[in-house]
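> Take a look and give me a structure for this.
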Amino acid sequence: MSVPTLERSVSRVTGRARVQRPVIAPELRIADNPAAAVLRSATGGPVSRDNVARATGLSIATVNRQVSALLAVGLLRERPDLTAAGAVGRPRVPFDIDHEAYLTIGIHIGAAVTKIVAADLRGRILGGLAIATPQTGQEFATTTVARSAKAFLQRWHRRKALWAGVAIGGRVDPLTGVVDHPKLEWRGAQVGSVLGEVLELPVSVAPHVEAMAGSELLLSISDRRDQARAENGSSLYFYVRETAGVAVTLDGRVHTPSNGPGSIAHLPTGSNVECSCGRRGCLEVTVCDRSLHSRAVGRGIIPAHNGTAGSTIADLYRAAEAGSEPARELLVERATILGHTVAMVRDMLNPDRVILGGQAFTGYRPAIAHVARAFNQSSTLPPTDIRISGFGGKVQEFAAVVTSLSVLYADPLAAIRRTSVAD
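I've put the predicted structure just below:
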């Protein structure tokens, strides 16, 4: 892999000279190079070289070389305290990821809320914050988000930041980090370059639903059976919160269409909800949180204001849990529409697995049974593996985390060379 040329320029934000950090396309896939395989084997905790060789199929000599190289750049650390009694020789010393020296920063820019998190090299979230996504123009918004991330990063001064990852809706050019986001009215927003300039880190930018599918692929594998399933076959990831979207994973790689992700926002649902496109019953306006909250307020199910602040979709969930039948009926109605729509998309693509993510599925847990019932009633194909994302209400944060880690996971030695050049 070639290392992009770094140029010195005068910062638009601070006015001082600084090295311009590159925008690097994310790598939402299970990589097959030896260094990546060895690093991935240690994400679950300390491991021996012998076990890595058995799990990956690499020779013990290859494992030893890769471990030595990853130790040299600081991504791994040896654990002599865990060496088995009576073991002889350096290869018997277990190793794990050095999850205390480094971090990456992940940013999910949502239509209403932006989440900023720090993660260690295992993909564990160390801490985070949420800010309202600025609605006052794309240049001001991207600069505000970048500065908020910079201030947040200063909390972690004992760790070295290696990379920044941004997950965002709309259409993303992964090579340049330029974003078109219709809901935010952004067009040609220089998200990657602004974040790189302010944070002084290499930056990767990914469409958020593809990144969520990538997090299922790279951050949720707990054993060899999960690994085998991820590396073979296909998965459909279906996401709904303020936006609705799908992504497809094929044989260990998130499919990234060359002209950007497709859209399910205007799939017909049969509802009478009016969409901004002029039609009625489009999926996104029918099932998204903001629209559902508006209908709940309009029907008098919840008040427009809760004390001094405006009410939210969480107030609708609480009303249903407290016994409000109109609240429950509205949420069941949404769940039923979601189940029918997931079945329709599943029948078109016929994937091996279906994963449901986003707070429209996880915010009100009793609705899951209604999603499942509608799915089973609507699908014409045999039963399939369908489940809710294990990341629950943090799917957005983990989408950002995997975007920040994906290049490191795909080719760790080349990625570290990039960060070294940037320094």
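> Count the neighbours of residue 317 for me.
Neighbour count of residue 317, defined by other Cβ atoms under 10 Å: 19. To be clear about C-beta, it is placed using only N, CA and C from the backbone, and glycine gets the same treatment.
> didn't it look like it was pressed against residue 331?
Yes - the pair residue 317 / residue 331 is scored as a contact, 7.5 Å apart, by Cβ atoms under 8 Å.
> Overlap of the contact sets of the two?
Counting by Cβ atoms under 8 Å, 6 or more residues apart in numbering, the contacts common to residue 317 and residue 331 are residue 364.
> so where's the stretch 101-250 of the chain uncertain?
Within the stretch 101-250 of the chain, the segments meeting pLDDT under 70 span 221-230.
> Check what contacts stretch 170-182 and list those residues.
By Cβ under 8 Å, 6+ apart, stretch 170-182 touches 23, 25-26, 109, 138, 166, 168-169, 183-184, 186-193, 195-196, 203-207, 256, 260-261.
> In strands, which of those appear?
109, 166, 168, 186-190, 203-207 (DSSP state E).
> residue contacts, the residue nearest to residue 379 when sequence neighbours are not counted?
Counting by Cβ to Cβ, 6 or more residues apart in numbering, residue 379 lies nearest to residue 343, which is 4.0 Å off, once chain neighbours are set aside. Contacts for residue 343 (Cβ under 8 Å, 6+ apart) come out as 374-379.
> Would you mind giving me the PyMOL syntax to select the buried ones in the residues you listed?
Buried residues within the contacts of residue 343, by 16 or more other Cβ atoms under 10 Å, are selected in PyMOL with:
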select buried, resi 374+375+378+379
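> which among the contacts of residue 343 gets closest to residue 367?
Of all the contacts of residue 343, residue 374 has the smallest distance to residue 367: 10.3 Å, by Cβ to Cβ.
> I figured that closest one hits residue 334, correct?
No - using Cβ under 8 Å, residue 374 is not in contact with residue 334, being 10.4 Å away.
> Could you pick out the longest helix of this structure?
helix 325-349 (DSSP state H).
> Show me what secondary structure element comes after it.
strand 353-357 (DSSP states H and E).
> Past that next one, which element shows up next along the chain?
Counting by DSSP H and E, what follows strand 353-357 is helix 359-362.
> can I get the CA coordinates of that next one in PDB?
The C-alpha trace of helix 359-362 is given here as PDB (Å, rounded to 0.1, in the frame of the first residue of the first chain):
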ATOM      1  CA  GLN A 359     -33.700   2.400  18.000                       C
ATOM      2  CA  ALA A 360     -36.900   1.800  16.000                       C
ATOM      3  CA  PHE A 361     -36.200  -1.900  16.700                       C
ATOM      4  CA  THR A 362     -34.600  -1.700  20.100                       C
END
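> That helix: what's the following helix or strand?
Helix 359-362 is succeeded, C-terminally, by helix 367-378 (DSSP H and E).
> and that following helix, what does it pack onto?
helix 325-349, helix 359-362, strand 385-388 (3 or more Cβ pairs under 8 Å, 6 or more residues apart in numbering; DSSP states H and E).
> Quick one: mean pLDDT over it.
Averaging pLDDT along helix 367-378 yields 96.
> Use 824 as the first number for this chain going forward.
That works, and once the first residue is 824, the last one we named lands at helix 1190-1201.
> and that helix, C-alpha only, in CSV?
What follows is helix 1190-1201, C-alpha atoms only, in CSV (Å, rounded to 0.1, in the frame of the first residue of the first chain):
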residue,chain,number,x,y,z
ALA,A,1190,-42.4,-4.4,19.8
ILE,A,1191,-39.8,-7.0,18.7
ALA,A,1192,-42.3,-9.8,18.9
HIS,A,1193,-44.6,-7.9,16.5
VAL,A,1194,-41.7,-7.3,14.1
ALA,A,1195,-41.1,-11.1,14.1
ARG,A,1196,-44.7,-12.0,13.6
ALA,A,1197,-45.2,-9.6,10.7
PHE,A,1198,-41.9,-10.8,9.1
ASN,A,1199,-43.0,-14.4,9.3
GLN,A,1200,-46.4,-13.7,7.9
SER,A,1201,-45.1,-11.7,5.0
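> can you list contacts of it?
Residues contacting helix 1190-1201 (Cβ under 8 Å, 6+ apart): 1154-1155, 1157-1163, 1165-1167, 1169, 1179, 1184, 1206, 1209, 1211.
> coming back round to it: do you know how far the residue nearest to residue 1202 is from residue 1154?
19 Å (Cβ to Cβ, to the nearest Å).
> quick revisit: out of the contacts of residue 1166, which is nearest to residue 905?
residue 1198 (45.2 Å).
> While we're on the closest residue to the closest one other than its chain neighbours, how confident is the model there?
Once flanking residues are discounted, residue 1198 sits nearest to residue 1162: 4.2 Å by Cβ to Cβ, 6+ apart. Listed pLDDT for residue 1162 reads 97.
> give the contact list for residue 1162.
Contacts of residue 1162 (Cβ under 8 Å, 6+ apart): 1193-1201.
> Enumerate every residue touching residue 1134.
1116, 1120, 1125-1128.
> Out of the residues you listed, which one has the weakest pLDDT?
At the low end of pLDDT for these is residue 1128, which has 89.
> Let me know the pLDDT of the closest residue to that residue other than its chain neighbours.
In space, and not counting its chain neighbours, residue 1128 is closest to residue 1134: 6.2 Å by Cβ to Cβ, 6+ apart. According to the prediction, residue 1134 has pLDDT 91.
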